[in-house]
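> coords please:
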Amino acid sequence: MHVKILNLNENNLKLIVEGVDSSFLNSIRRIILSEVPCMAIDDVIILENSSVMSDEFLSHRLGLIPIKTNLDAYKLPEECECKSELGCPLCRASFTLDVESTEGVRVVYSGDHPGGSGDRSGKR
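Alright, predicted model coming up:
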């Protein structure tokens, strides 16, 4: 097996691996991805939806948005001292997406979601 690193920085690694089967490399890739911590929307409460999209479709789309977070400030719910089912500001995040179209069609992007800021200080 021969490995050549093409690019390495804080967020990316590009390399060429020769002399191994692609299924082996795919297994390595899957292991790496499973170890990357990620946060996503789990529960969605929709108070009013006047769009053409169903609530279930909107909930699914919201769940696909990755949420940036400060891993040093965040605690896993099972490791938090609060031991609350609903969590506390240290182990849970709560967001409100309030978007309205005043003229015709309004496209809502993942950047419109308050979780995209990466700020876990409570200032949203």
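> show me where this protein has helices.
For the chain, the helices defined by DSSP state H occupy 22-35, 55-63.
> Nearest the geometric middle of this structure, what residue?
Relative to the mean C-alpha position of the chain, the nearest C-alpha, by Cα atoms, centre = their mean, is the one of P66, at 2.0 Å.
> Please parse the protein into its domains.
Annotated domains of the chain cover 2-35, 39-124 [automatic domain parsing].
> Can you add mean pLDDT and give those domains back as TSV?
Supplementary listing: the domains of the chain in TSV, determined by pLDDT from 0 to 100:
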stretch	mean pLDDT
domain 2-35	91
domain 39-124	78
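> among these, which is the most enclosed?
domain 39-124 (a mean of 12; mean count of other Cβ atoms under 10 Å). Using the backbone N, CA and C atoms, a C-beta is placed for each residue, glycine as well.
> quick one on the thing from earlier: could you save the helices of the chain as TSV and add columns showing distance to H2?
Below are the helices of the chain laid out as TSV (distance: least, Cβ to Cβ, whole Å):
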stretch	distance to H2
helix 22-35	13
helix 55-63	40
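> Relative to P77, which of those is closest?
helix 55-63 (17.2 Å; Cβ to Cβ).
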